[in-house]
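Below are the sequence and a predicted model; questions follow.
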Amino acid sequence: MKIPLVFLGTGQAIPTAKRNHTAILLSYKSENILVDCGEGTQRQFRKAKINPCKLTKILITHWHGDHVLGLPGLLQTLALNGYNRVLNIYVPKGTKHYIDLIFRLFVFQGKIKYKIEEVESKFLETEDFILEAKTMSHGTPCNAYSFKEKEKIRIDKEKLKKLGIKGKIIGELQKGKDIVWNNKKIKALSLTYLQEGKKVTIILDTALNENMLKLAEGSDLLICESTYTKKEEDLAREYKHLTASQAAETAKKSNCKKLILTHLSQRYENKEKLIVAEARKIFKNTEIAEDLDKIEV
């Protein structure tokens, strides 16, 4: 099935007229997973015509302001609107106390139920998908995340139709079990095929590191920060960020199918072509995210 994503914010530390602070929403069935929550994120929800009360999980990459200053306002809005779920919040190791500080610092009206978990490696597995984190290099505890849909057994509907198979017995085929139909044994393998799950990897603030390749390996979509061009490689190294070339090299080496660049510095306002041109020299299937872009993987 398609995996929708919305880029609620695509800017760097200082927002611009075109780019809000970082936030990315990934949806899958009943899940709505927000990766980071920069200042102004809840207003971006409004612009995108998305109800924030449908959120199920928040993944925090790190606690720099441009990635989390929208959290207090978003949490307050959820409380005022009677949010009735348990909001699961995942953060890098050693940082869960920052959520407690938010609730101590601000005077909230109403309450919401939430659960905080510090994560690294594979931290959540459901019937349908796996969430994985890997530690990045950014001078503060920092994660990147991947969403991996599990492979599914699919049924060849044309073959079913020819054999006249219908009813509850189809459920057995979906489980990979052989069946008996019209006194004949029919092997599940003859009517089914395995559909690979899709993978989305989101790498935000970090210097180049080996974990990037490990996490991104085989991704259908890699969303990656591209704060600088190669000309500013020294700055990228100093501030522990990536260049467009480094993002593209990561996509190429990890066998990704598509790369979308985000987290652009204000210095490239209206000069985004420089970023994408640099990346496409290395990895052709590259695009730049704009605020409120909606895509499907």
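Perfect, thanks for sending it.

which residues of the stretch 101-250 of the chain fall in helices?
Ranges of helices in the stretch 101-250 of the chain, per DSSP state H, counting those that start in this stretch, are 157-163, 169-174, 210-216, 233-239, 244-253.

and the very next helix or strand once past the last one, what's its mean pLDDT?
This means helix 244-253. With elements assigned by DSSP states H and E, the helix or strand that comes after helix 244-253 is strand 259-262. For strand 259-262, mean pLDDT rounds to 98.

then strand 259-262 to PDB, C-alphas only?
The C-alpha trace of strand 259-262 is given here as PDB (Å, rounded to 0.1, in the frame of the first residue of the first chain):
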ATOM      1  CA  LEU A 259      16.500  10.900  -2.400                       C
ATOM      2  CA  ILE A 260      14.600  14.000  -1.100                       C
ATOM      3  CA  LEU A 261      16.700  16.700   0.400                       C
ATOM      4  CA  THR A 262      15.500  18.900   3.300                       C
END
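
which residues sit against that strand?
Applying CB atoms under 8 Å, 6 or more residues apart in numbering, the contact partners of strand 259-262 are 7, 10, 22, 24, 204, 221-226, 244, 247-248, 251, 275-276, 279, 283, 285-289, 295. Bear in mind the C-beta positions are built from the backbone N, C-alpha and C, glycine included.

Sheet partners, orientation included, of that strand?
The strands beside strand 259-262 in its sheet (DSSP bridges) come out as strand 221-225 (parallel), strand 286-288 (parallel).

Could you find the closest non-adjacent residue to L213?
Excluding the flanking residues, the one nearest L213 by CB to CB, 6 or more residues apart in numbering is S254, at 4.9 Å.

need the contact list for the one you found.
So S254 contacts 212-213, 216-219, 222 (CB under 8 Å, 6+ apart).

if we can go back for a sec, of the strands paired with strand 259-262, which is nearest N51?
Nearest of the strands paired with strand 259-262 to N51, taken as CB to CB: strand 221-225 at 22.9 Å.

neighbouring contacts of the closest one?
Residues contacting strand 221-225 (CB under 8 Å, 6+ apart): 5, 24, 198-206, 216, 241-242, 247, 250-251, 254, 256-263, 289, 297.

Which one of the contacts of S254 sits in the busiest neighbourhood?
Within these, neighbour counts (other CB atoms under 10 Å) peak at L222, which reaches 29 neighbours.

any idea how far that one lies from L215?
9 Å (CB to CB, to the nearest Å).

and if you look at L131?
Taking CB to CB, one finds L131 at 11 Å from L215.

before we move on, what about L235?
24 Å.

more neighbours, those two?
Remark: of L235 and L215, L215 carries more neighbours, 24 against 15, as counted by other CB under 10 Å.

If you tally nearby residues, what's the number for the residue lying closest to that one once chain neighbours are set aside?
Among residues not flanking L215 along the chain, K134 sits closest, at 4.4 Å (CB to CB, 6+ apart). Neighbour count for K134, taken as other CB under 10 Å: 23.

Tell me how this protein divides into domains.
Listed by automatic domain parsing, the domain ranges of the chain are 4-151+196-296, 158-192.

Check the strands paired with strand 259-262 for me and report the most buried one.
Highest mean neighbour count of the strands paired with strand 259-262: strand 221-225, a mean of 28 (counted as mean count of other CB atoms under 10 Å).
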